[in-house]
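Q: what follows is a protein structure lacking sequence information:
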């Protein structure tokens with residue numbers, strides 16, 4: 001009689017749940033690694049991913065005109081999110097503007113072109129799947145476990161840093177483009193973090 005192999009759960013050996021944000025030291029380690037490797041496109045994509053806090057689908061769909069006005073990289077930009085159809089604004093800090101400017105010049109991109117065109121013929125821009133693979137390469141390059149991180153790591157990173165510094169949930173909600181504050185609370189997982197922090201500071 002043939003023995004039936006027990007069904008293996010899809011999540012066996014995988015980390016399930018929210019992908020953690022990068023720490024400040026991780027951000028700088030990846031930036032330095034990309035700079036030393038002269039990965040101009042990846043540095044622009046990484047910096048923009050951190051600054052914009054956009055979902056992967058919105059990030060890869062950015063066109064040059066979304067972040068460039070005339071010959072200048074904007075300090076602030078606005079797009080309509082694909083998932084919610086709600087507008088969201090984001091800032092481009094000096095390191096990001098420099099990196100994006102260098103990438104546009106190297107790739108000789110025009111205003112109407114996608115900011116991160118795909119090298120594959122069947123896609124006009126980097127796909128969300130390609131972006132996920134790129135994120136895994138970034139975290140692996142500094143010795144982190146790629147299975148623990150993902151594209152939402154990039155979206156969550158700066159939002160988490162802002163919340164930890166300011167405790168301003170409303171500001172983070174606006175930056176992430178969430179319609180409800182509860183969504184931001186869940187997304188950052190801050191209730192548990194804050195509760196543990198308070199508990200750790202309470203001596204009995």
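A: On my side now, so go ahead. Values in this document were obtained by computation on a predicted structure and should not be read as measured data.
Q: what about the residue positioned nearest the centre of the chain, which helix or strand?
A: Using CA atoms, centre = their mean, the residue of the chain that lies closest to the mean C-alpha position is residue 154, 2.3 Å off. Element membership of residue 154, judged by DSSP states H and E, is helix 151-166.
Q: okay, now the unreliable bits of the chain?
A: In the predicted model of the chain, residues 1-17, 190-195, 198 satisfy pLDDT under 70.
Q: hang on, the earlier thing: who are the contact partners of the residue nearest to the centre of the chain?
A: Residue 154 sits next to 22, 46, 49-50, 56, 59, 135 when contact means CB atoms under 8 Å, 6 or more residues apart in numbering. Using the backbone N, CA and C atoms, a C-beta is placed for each residue, glycine as well.
Q: export those to JSON lines and tack on distance to residue 166, neighbour count and secondary structure?
A: Formatted as JSON lines, those follow (distance: CB to CB, whole Å; neighbours: other CB atoms under 10 Å; DSSP: H, G, I helix; E, B strand; the rest coil):
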{"residue": "22", "distance to residue 166": "18", "neighbour count": "26", "secondary structure": "coil"}
{"residue": "46", "distance to residue 166": "24", "neighbour count": "23", "secondary structure": "helix"}
{"residue": "49", "distance to residue 166": "21", "neighbour count": "24", "secondary structure": "helix"}
{"residue": "50", "distance to residue 166": "17", "neighbour count": "23", "secondary structure": "helix"}
{"residue": "56", "distance to residue 166": "26", "neighbour count": "21", "secondary structure": "helix"}
{"residue": "59", "distance to residue 166": "24", "neighbour count": "23", "secondary structure": "helix"}
{"residue": "135", "distance to residue 166": "26", "neighbour count": "24", "secondary structure": "helix"}
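Q: redo those residues as TSV? Include distance to residue 82.
A: Shown next, in TSV, are those (distance: CB to CB, whole Å):
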residue	distance to residue 82
22	24
46	21
49	16
50	20
56	10
59	11
135	19
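Q: out of these, who's nearest residue 171?
A: Closest approach between the contacts of residue 154 and residue 171, by CB to CB: residue 50, at 16.6 Å.
Q: which parts of whatever helix or strand residue 25 lives in are buried?
A: According to DSSP H and E, residue 25 maps onto helix 24-36. Going by neighbour count (16 or more other CB atoms under 10 Å), the buried part of helix 24-36 is 26-27, 29-31, 33-34.
Q: what does stretch 122-133 give?
A: 125-127, 130-131.
Q: which outside residues touch that stretch?
A: With contact meaning CB under 8 Å, 6+ apart, stretch 122-133 is reached by 45, 56-57, 59-61, 114-118, 120, 134, 150-151.
Q: biggest separation within those residues, which pair?
A: Largest separation among those by CB to CB: 117 and 150, giving 22.7 Å.
Q: those two: which has the busier surroundings?
A: residue 150 (20 against 14; other CB atoms under 10 Å).
Q: how about residue 173, secondary structure?
A: Here residue 173 is recorded as helix under DSSP: H, G, I helix; E, B strand; the rest coil.
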